[in-house]
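coords please:
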Amino acid sequence: MKILGLKIGEPTEQGVSARQNLKYGDRHYFDVYRVGGEKLPVVVHFTGSGQEDRYSYAQMASAISAAGFAVVVASLPGSSAEDNLETVLQLSEHLKFWGAGEKLDLGSTFFSGDGTGAWTAFTAGLRSFEDGRFCIKPIGLLGFSGIYEPIELAKLDYRLANRALKNAFGIGKEGNLPEGVVRLIGESCPPIFFAHSDADNLSYSQTLLLKTAIRRAGVPYSEYHAAFRRVKQDFYKRPSAPEGASVSAAAVRFMTEVLKKADFHGEYTEI
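This next block holds a predicted model:
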């Protein structure tokens, strides 16, 4: 289904409670946004690097949680790709025990990430089906202006690209780049949602590679594409703006359809 234009006003942020600076693992922290006291499906969102401000995701997390999800926003150390993945293991183990008392339905968990955090979310999510150390296996993956192929990021002659590689993976121009997400995508991959903008010079070149791999493997997916409306790289973090509300609503539609466990065919949304 193709949707032209913007849908404004849903989900809202009414009734959302936030618990912030919750500790897990080796001095790492996460925030939780949710509504009510029932057992909820979970979205675990990984930020781009250890230097990201988790609070800047409050609006985005509130908008999604208002639609009936518990949203966990987790920071990453950014010292190396493997350290980031080890942090996901620590968080998964923590949520396995802590989440039971918090009424989190960890059997209905989505891994999400933006920027280089998308690499961690997708890599950890796809590895979890082969690596027995992961006690949470996501039923869907979400990427917002995501970096999926670090080698493609390294090809860009931008200061911002170099800074992303350093802050997210702890490497400079001469460092060893982590392998990309594309090689991990196969028939067993869960449904995928990805949002991107033509104005985003960091993630734009990555989207075609991701989409090609998804289609080749026959993985169902939903795509959100800002083609005609020029938006900032982190437009998804501001649901108070029309494009931010629109992409949050598209992500919620994706997850709602996946949770139905019926035939999922995906959707294409364009603004």
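
what about His159, how many residues nearby?
Check again: residue 159 is Arg, not His. Per other CB atoms under 10 Å, the neighbour tally for Arg159 reads 8. For the C-beta atoms, the positions are set from N, CA and C on the backbone; glycine is no exception.

then Arg133?
11.

in space, what's closest to it - neighbours in sequence excluded?
Leu89 (5.8 Å; CB to CB, 6 or more residues apart in numbering).

could you say what helices and strands the one helix or strand the one you found maps to packs with?
Per DSSP states H and E: Leu89 is located in helix 81-101. Judged by 3 or more CB pairs under 8 Å, 6 or more residues apart in numbering; DSSP states H and E, the packing partners of helix 81-101 are strand 16-24, strand 28-35, strand 40-46, strand 70-74, strand 104-114, helix 116-127, helix 159-169.

to Cys189, which of those lies closest?
Distance to Cys189, taken as CB to CB, is lowest for helix 116-127 among the helices and strands packed on helix 81-101, at 6.3 Å.

which SSE is immediately downstream of the closest one?
strand 140-144.

partner strands of that next one, with direction?
Paired neighbours of strand 140-144 in the sheet (DSSP bridges): strand 104-114 (parallel), strand 192-197 (parallel).

what mean pLDDT does that strand get?
When pLDDT is averaged over strand 140-144, the result is 97.

quick one: contacts of it?
43, 45, 110-115, 118, 121-122, 125-126, 189-195, 210, 236, 247, 251, 254-255, 258 (CB atoms under 8 Å, 6 or more residues apart in numbering).

and the contacts of the helix or strand just after it?
Next in sequence after strand 140-144, counting helices and strands by DSSP H and E, comes helix 150-155. Helix 150-155 is contacted by residues 81, 116, 119, 147, 161, 164-165, 169, 173, 177-180, 202, 205-206, 209 when judged by CB under 8 Å, 6+ apart.

filter the residues you listed to the buried ones?
Ala81, Thr116, Trp119, Ile147, Ala161, Ala164, Leu165, Phe169, Pro178, Gly180, Leu202, Gln206 (16 or more other CB atoms under 10 Å).

what's the farthest-apart pair in these?
Maximum distance among the buried ones among the contacts of helix 150-155 (CB to CB): 17.0 Å, for Ala81 and Leu202.

excluding chain neighbours, what is closest to Ala199?
Ala199 sits nearest to Arg230 (CB to CB, 6+ apart), 4.8 Å away.

so the residue nearest to Arg133 sits right up against Phe134, yeah?
Yes: at 6.5 Å, Leu89 counts as touching Phe134 under the criterion of CB atoms under 8 Å.

so what sits against both of those two?
Ala124.

least confident secondary structure element in this structure?
Using mean pLDDT, DSSP states H and E, the weakest-scoring helix or strand in the chain turns out to be strand 2-4, at a mean of 38.

picking up where we left off before, neighbours around the residue nearest to Arg133, how many?
Leu89 has 18 nearby residues by other CB under 10 Å.

contacting residues for Lys23?
Here Lys23 is in contact with Tyr29 (CB under 8 Å, 6+ apart).

run through the bridge partners of it.
Tyr29.

state the distance from it to Phe30.
From Lys23 over to Phe30 the distance is 8 Å, taken as CB to CB, to the nearest Å.

now do Leu210
26 Å.

before we move on, what about Arg229?
Arg229 is 32 Å from Phe30, by CB to CB.

what do you get for Phe254?
Counting by CB to CB - Phe254 and Phe30 are separated by 22 Å.

which one's more surrounded, these two?
Phe254 (27 against 23).

my read: that one touches Ala195, true?
No: contact between Phe254 and Ala195 fails when scored by CB under 8 Å: they sit 9.9 Å apart.

what about this structure, any weak spots by pLDDT?
1-14, 49-52, 172-175 (pLDDT under 70).

OK, contacts around Ala164?
Counted by CB under 8 Å, 6+ apart, Ala164 has contacts Gly48, Ser49, Gly115, Thr116, Ile147, Leu153, Leu202.

ignore the last one, Glu86
Here Glu86 is in contact with no residues (criterion: CB under 8 Å, 6+ apart).

cool, Phe254 as well?
Counted by CB under 8 Å, 6+ apart, Phe254 has contacts Gly140, Leu142, Pro191, Phe193, Ser222, Gly266, Glu267.
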